[in-house]
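> model the structure of this input:
(one chain, ligands or ions: 2)
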Amino acid sequence: MKVPARDSKYSFNLKIFKLHNDQKSSSSATTTTHASLAATASPPTAQMISTKKNSWRASWRAAIGVSNKNKSGHNKNTAHHNNNNNVNVNVNINDDNSNEICSSESCIQPAKHIPNIDDLMSMPWFGMDIGGTLTKLVYFEPKDITPDEQDCEAGILRNIRRYLTKNSAYGKTGHRDTHLQMDNVEIRKRRGSLHFIRFQTTDMGNFLSLAKQKGMAELVTTVCATGGGAFKFEKDFRDQVNMKLAKFDELDTLIKGILFADMHNATECYYYENAREITKTEKRAFNFSQPFPFILVNVGSGVSILAVYGPDNYKRISGTSLGGGTFLGLCCLLTGCTTFEEAIQLATKGDNRKVDKLVKDIYGGDYNRFGLTGDLVASSFGQMHINEKRCSVSREDLANATLVTITNNIGSIARMCALNEKIDKVVFVGNFLRVNPISMKLLAYAMEFWSNGTMKGLFLEHEGYFGALGCLLQFNGELAAALNESLDHSPPPPNTTPQQSAAEPSKESPATAADKPNDSTTR
Ligand SMILES: Nc1ncnc2c1ncn2[C@@H]1O[C@H](COP(=O)(O)OP(=O)(O)O)[C@@H](O)[C@H]1O
Ligand SMILES: CC(C)(COP(=O)(O)O)[C@@H](O)C(=O)NCCC(=O)O
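Ligands and ions are numbered 1, 2, ... in the order given. The predicted model follows:
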């Protein structure tokens, strides 16, 4: 049984991380060189580069080794990796066998100098997003394993692969979202399936014990991770399972994950048709092939709002602490429920109008002068100061009102951000939307109604997994190079530095929170 050597593969991964960051600050000349190197790895087809607008997709596909668009998931291409597993990455192998990442074309090596991919980027390939509430894990299962490779596959690796792909529940809170599995995906010239797994971040201790028990510590020394927990749990990973975390920014990886998922899944992006009629509205596929610019609203524990102008060109324009965590926390307090699923179930059966004060409760009808219809919420929870109203509401009503309050507030802020940025597509992601059509329909309604039909709310099937997915892809330095190339084609975001992230001192500090719309009554 072969256990891959640790040092070579992971120094490679970490150098790629460094390369990625270095490239961000490098000149456009260098960037172009990287992009062309990436294209060398897998020449784009004529179709891929046929329109300038789609050139970022062409570069990207070339970089990740996808030779043709595979939106249907039924790409008939055969696997592209060589039998000897060589791959044209821009890696210079020194005599001492240490792996150097090159930054110029002079580093392209003939194939014979390039070692077996297992020595460079050993499986298993994971991307991890350790969020405030949920940890998301995306696992790439190779499906093109040759008999030779199978013979060499380390026992531990095989066991991990089987454990992850044959089960759908792990430990106390671990769950594999089998309906989201993506098959026939090509990453770094390997073809396989992507598996999407989540567990409660509070269960990290159990996850680490399980990882140790399954022998991960023997096999994996570095894991690509994003989210706040990549910082918070770094020491635990090192001390308990001897793993280093290669950390990536959660907003960078979020965008990359979204673009990758949309490229590989024809029905990834959808909207609600006839959004103004909430009871009749229906889900429809949306063509997101020319996505930029768009507003991205990530509803996790809290909410981050970005204006995205290109794959690597965005700014974080706003946020709110009233997010999915707030909904769940308040719901647990108000109804005694203990899980998100229970909270959503309760909300589905409840009626917020018994809890909220509506415009008609105040006006006796519509407030016509400003177009406020009588059924509009004037004041969330506005009836709950009245004793008899308080006595007559059910847990279901309280859950529904909590959901509507949080959702309307997010919709209101998102709409104002879109207005401010003059962007008409507003994409909502994050696990708050999991099994939560009430919120999605409300958000679709809010975008449509309050913009007089000029804005569209959009949603994505893999909701909360994009950070982890983008993290998995970030392994690949060539990807970063290709994405940088696209910067040349996209306009800079107005009045800001690209990639302003939550971690940076923001112009939007709490002290200036006054410019954050926070009015749930006017949506
Ligand atoms: N099984 C679940 N357990 C807890 N929260 C869930 C679950 N499913 C959906 N959620 C919702 O998703 C939110 C977390 O979303 P996510 O995008 O994973 O953010 P984070 O990265 O902050 O964990 C929670 O606050 C909750 O509203
Ligand atoms: C700090 C966070 C980026 C963390 O991300 P999360 O785990 O919530 O997905 C997010 O919770 C957030 O942006 N909160 C809102 C902060 C604000 O702008 O008020």
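> contacts and neighbour counts: CA atoms only from here.
OK.
> and this protein, what are its domain boundaries?
120-259, 269-355+393-460 (the TED database).
> the longest one and ligand 2 in contact?
Okay, so that is domain 269-355+393-460. Yes: against ligand 2, domain 269-355+393-460 shows contacts by CA under 6 Å from any ligand atom at 300-304, 318-321.
> sorry, back to before: ok, of the domains of the chain, where does mean pLDDT dip lowest?
Of all the domains of the chain, mean pLDDT reaches its minimum on domain 120-259 (a mean of 91).
> picking up where we left off before, could the domains of the chain go into TSV alongside mean neighbour count?
Converted to TSV, the domains of the chain look like this (neighbours: other CA atoms under 10 Å):
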stretch	mean neighbour count
domain 120-259	19
domain 269-355+393-460	21
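> nearest to residue 386 among those domains would be which one?
domain 269-355+393-460 (10.0 Å; CA to CA).
> is the closest one anywhere near ligand 1?
Yes: counting by CA under 6 Å from any ligand atom, ligand 1 has neighbours in domain 269-355+393-460: 299-301, 324-325, 328, 340, 430-432, 434.
> start to end distance for that domain?
This stretch, domain 269-355+393-460, spans 5 Å end to end (CA to CA, to the nearest Å).
> which ones among the residues of domain 269-355+393-460 next to ligand 1 map onto helices?
Using DSSP state H, the subset of these located in helices is 324-325, 328, 340.
> what's the closest non-adjacent residue to residue 240?
Distance criterion CA to CA, 6 or more residues apart in numbering; nearest residue to residue 240, sequence neighbours excluded, is residue 208 at 7.0 Å.
> greatest separation within the residues of domain 269-355+393-460 next to ligand 2: which pair is it?
Maximum distance among those (CA to CA): 14.9 Å, for 301 and 318.
> where does pLDDT dip in the stretch 1-150 of the chain?
Within the stretch 1-150 of the chain, the segments meeting pLDDT under 70 span 1-121.
> which residues does stretch 263-273 contact?
By CA atoms under 8 Å, 6 or more residues apart in numbering, the surrounding residues in contact with stretch 263-273 are 69-73, 185, 261-262, 281-289, 441, 444, 456-462.
> show me those that map onto strands.
Counting by DSSP state E, the contacts of stretch 263-273 place 185, 282-285, 456-460 in strands.
> could you export the domains of the chain as a markdown table, including distance to residue 363?
A markdown table is the format used below for those (distance: least, CA to CA, whole Å):
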| stretch | distance to residue 363 |
| --- | --- |
| domain 120-259 | 41 |
| domain 269-355+393-460 | 15 |
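> what about the longest strand seen in the chain, near ligand 2?
Ranked by number of residues, the top strand in the chain under DSSP E is strand 190-200. No: Strand 190-200 is not in contact with ligand 2 by CA under 6 Å from any ligand atom; minimum separation 11.9 Å.
> so the helix or strand following that strand versus strand 190-200, what angle?
Downstream of strand 190-200, the first helix or strand assigned by DSSP states H and E is helix 204-213. On the basis of axes from the mean of the first three to the mean of the last three CA atoms, to 10 degrees, helix 204-213 is oriented at 140 degrees to strand 190-200.
> for helix 204-213, which outside residues touch it?
Contacts of helix 204-213 (CA under 8 Å, 6+ apart): 171, 217, 237, 240-241.
> what does the stretch 151-300 of the chain put close to ligand 1?
Counting by CA under 6 Å from any ligand atom, the stretch 151-300 of the chain comes close to ligand 1 at 299-300.
> now the helices for the stretch 151-300 of the chain?
In the stretch 151-300 of the chain, the helices defined using DSSP state H, counting those that start in this stretch lie at 155-166, 204-213, 216-219, 228-232, 234-241, 250-264.
> in JSON lines: those helices, plus distance to residue 380.
As requested, the helices of the stretch 151-300 of the chain are arranged in JSON lines below (distance: least, CA to CA, whole Å):
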{"stretch": "helix 155-166", "distance to residue 380": "43"}
{"stretch": "helix 204-213", "distance to residue 380": "36"}
{"stretch": "helix 216-219", "distance to residue 380": "49"}
{"stretch": "helix 228-232", "distance to residue 380": "31"}
{"stretch": "helix 234-241", "distance to residue 380": "40"}
{"stretch": "helix 250-264", "distance to residue 380": "31"}
